[in-house]
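>>> The sequence and its predicted three-dimensional model are supplied below.
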Amino acid sequence: MDSNGARTWQHADVVVVGAGLSGLVSAAEAYNAGRTVLILDQEPEASLGGQAHWSFGGLFLVDSPEQRRLGVKDSAELALSDWLGSAAFDRPEDAWPRRWAEAYVDFAAGEKRAWLHSLGVRFFPLVQWAERGGYDAQGHGNSVPRFHVVWGTGPGILAPFLAKVQEGVAAGKVQLAFRHRATELMFDGGSVTGVRGDVLEDSAANRGEASSREVTGGFNVSAEAVIVTTGGIGGNHPMVREQWPNGTGPDYMLTGVPASVDGEFQQAVARAGGALINTDRMWHYPEGIHNPDPVWPNHGIRILSGPSPLWLDATGRRLPVPLFPGFDSLGTLRHLETTGHDHSWFVLNKTIISKEFALSGSEQNPDLTGKDMKLLAKRALPGATGPVQKFIDYGVDFVQADTAVELAGKMNKLVGSGLIDPDGLQETLVARDRQVSSGLGKDTQLNAIREARRFATDKLMRVVPPHPMLAPEHGPLIAVRLTTLTRKSLGGLATDLSARVLSADGTPIEGLYAAGEAAGFGGGGLHGNRSLEGTFLGGCLFSGRVAGRHAAGATGA
């Protein structure tokens, strides 16, 4: 300890600020290169792995063996076309993000799967189709299914990097410093030489729970390279509102990440001269529901729905084409903002919810997370999965009824208003069912459902055949109140292709690197305006690998 009570660590070649996925990947790569590494994190050890632990474990892969076995014809050229059509890069500062996007698609179509496979990562064989788009060939969306679920979900993707870091700890080359909150970069001239910050009091908080911010001391640590991997801002609603494009965001939002995802150190880097770009580009979800068993404050879960539920605004109007479940998350969110209400609705029935509803997150998918084949096999049986049934039974957002008129009454009672016209809801469902009965029809959503069932995964486990929603044998009817769920930042610290943080004039800051969500998953926003899904964990993997390797090289032998 020095005279001011600050703890001074011995010199580390590389300091990694943040112990989430991108931080662990960066640390593992630097350790593999023979460097000494110190990992700082403000949370207790229970939260090691950060937000990635809670994820569904979806990864964007291109022309994979899993795709080919399902008859999916994909290519790097098609994937890049989809990416650029979704990203719609339109700003001068998008030069590096676009280069990162091109590099990432090459990675996803090239060595990504083989690299992960060599580390022991395996994939669920049925590829999913997220963000289907529904516009023209050059617009937003995945032309083919690319969402590969890791066997073991989020914990499964973390496992090899946690093991490598623990190997480094055992070898005396890696140190983990929990409850160490970095607050400031240290400089010598124009070069970053380390980090200083606060030591927080010990905490017994479980994974994801809010922990104390009581300061007990300070620390500083010197290094030849610092990698910032502190994640996004989704747990910090005031910051989300401040950065919300053209407004302040919905009055009420759920939170899809722990409170520790606060964006504070990202702001500290910006104050020190790092260029923080595209902060108004965010990726929040319109399909959030309240978790009946919350871990962090205002804990919400995202519904991963097949395409069959009717999506209605707060007044009972169907959303415009192609804003169906699973087609365009951001387009739907932007449309719902124009309605002046903080909620919308899925309307469906028991048949649809039993097959088409899944919930995002490792804890909501115990079969995949636990690699439990017997439990997984139950998904093929009639009825909803256990986690979905729990929400149906105990979730505050779910109401059921035998008739549309009765359902409308319960929807109105739930939100304390008369916004849903019972006769109007009945007419909407009758009109939709007439289209089913016609055998052909003009309803674009029904045609999209029929098209989805041409894909093996959707036909087998994700999309029910079109049927009359009001038919008693498919009942009861169900309505689900949906709320905006904060989740990810698409912008971040600007970086070059070596993951070096750039200053406002575009020059690299010597000794400073960034990866993961803190860097907009690469470059300060490799997704541009929209994501193709499955690209967030993958962005952490790719940018973390780049940052760790280049930071290790910069430290010398």
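Ah, there it is.

>>> For the rest of this, base every contact and every neighbour count on C-alpha atoms.
Fine.

>>> for the stretch 201-350 of the chain, what spans make up the strands?
Secondary structure of the stretch 201-350 of the chain (DSSP state E, counting those that start in this stretch): strands located at 215-228, 254-255, 276-277, 282-290, 300-305, 310-313, 343-349.

>>> Show me what counts as buried in the longest one.
It stands for strand 215-228. Judged by neighbour count (16 or more other CA atoms under 10 Å), strand 215-228 contains these buried residues: 217-228.

>>> Redo the residues you listed as a markdown table? Include pLDDT.
Conversion of the buried residues of strand 215-228 to a markdown table gives the following (pLDDT from 0 to 100):
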| residue | pLDDT |
| --- | --- |
| 217 | 96 |
| 218 | 96 |
| 219 | 96 |
| 220 | 95 |
| 221 | 97 |
| 222 | 97 |
| 223 | 97 |
| 224 | 97 |
| 225 | 98 |
| 226 | 98 |
| 227 | 98 |
| 228 | 98 |
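
>>> mind putting those in a markdown table, distance to residue 475 included?
Written out in a markdown table, the entries for those read as follows (distance: CA to CA, whole Å):
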| residue | distance to residue 475 |
| --- | --- |
| 217 | 60 |
| 218 | 60 |
| 219 | 61 |
| 220 | 62 |
| 221 | 62 |
| 222 | 64 |
| 223 | 63 |
| 224 | 64 |
| 225 | 60 |
| 226 | 57 |
| 227 | 54 |
| 228 | 51 |
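
>>> which among those gets closest to residue 436?
Proximity of the buried residues of strand 215-228 to residue 436, judged by CA to CA, is greatest for residue 228, which lies at 53.0 Å.

>>> circling back: for the strands of the stretch 201-350 of the chain, which one sits closest to residue 50?
Using CA to CA as the measure, strand 215-228 is the one of these that comes nearest residue 50, at 14.0 Å.

>>> tell me which strands and helices that closest one is in contact with?
For strand 215-228, the packing partners by 3 or more CA pairs under 8 Å, 6 or more residues apart in numbering; DSSP states H and E come out as strand 6-8, strand 12-17, helix 21-32, strand 191-200, strand 508-514, helix 536-554.

>>> returning to what we had before: same list (the strands of the stretch 201-350 of the chain) but as TSV, adding distance to residue 520.
Rendered in TSV, the data for these read as follows (distance: least, CA to CA, whole Å):
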stretch	distance to residue 520
strand 215-228	12
strand 254-255	19
strand 276-277	9
strand 282-290	10
strand 300-305	21
strand 310-313	30
strand 343-349	28
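
>>> Nearest approach to residue 555 belongs to which of those?
For the strands of the stretch 201-350 of the chain, distance to residue 555 was read as CA to CA. The smallest value, 5.6 Å, belongs to strand 215-228.

>>> Starting from that closest one, tell me which strands it pairs with and how they run.
Strand 215-228 has the following sheet partners, assigned by DSSP bridges: strand 6-8 (parallel), strand 12-17 (parallel), strand 191-200 (antiparallel), strand 508-514 (parallel).

>>> Mean pLDDT lowest where, among the ones you listed?
For the strands paired with strand 215-228, the stretch scoring lowest in mean pLDDT is strand 6-8; its value is a mean of 49.

>>> can you pull the contacts of residue 102?
Residues touching residue 102, when contacts are defined by CA atoms under 8 Å, 6 or more residues apart in numbering, comprise residue 80.

>>> do the one 10 residues further on as well
With CA under 8 Å, 6+ apart as the criterion, the residues that contact residue 112 are residue 61.

>>> State the distance from it to residue 23.
Counting by CA to CA, to the nearest Å, the gap from residue 112 to residue 23 is 18 Å.

>>> residues near the nearest residue to residue 279 once chain neighbours are set aside, how many?
Nearest in space to residue 279, with sequence neighbours left out and distances taken as CA to CA, 6 or more residues apart in numbering, is residue 491 at 4.7 Å. Here the number of neighbours of residue 491 (other CA atoms under 10 Å) works out to 29.

>>> Am I right that residue 491 is in contact with residue 282?
Yes: using CA atoms under 8 Å, residue 491 is in contact with residue 282, at 7.0 Å.

>>> on that earlier part again, out of the strands paired with strand 215-228, nearest to residue 140?
When the strands paired with strand 215-228 are compared by CA to CA, strand 508-514 sits nearest residue 140, at 27.7 Å.

>>> how far out from the middle of the chain is the closest one?
Computed by CA atoms, centre = their mean, to the nearest Å, the separation of strand 508-514 from the middle of its chain amounts to 26 Å.

>>> Let's see that strand as PDB, backbone CA atoms only.
This file holds the C-alpha atoms of strand 508-514, laid out as PDB (Å, rounded to 0.1, in the frame of the first residue of the first chain):
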ATOM      1  CA  PRO A 508      -4.500   5.500 -32.300                       C
ATOM      2  CA  ILE A 509      -3.900   6.100 -28.600                       C
ATOM      3  CA  GLU A 510      -0.700   4.300 -27.800                       C
ATOM      4  CA  GLY A 511      -1.200   1.400 -25.400                       C
ATOM      5  CA  LEU A 512      -5.000   1.500 -25.400                       C
ATOM      6  CA  TYR A 513      -7.300  -1.200 -26.900                       C
ATOM      7  CA  ALA A 514     -11.000  -1.900 -26.700                       C
END
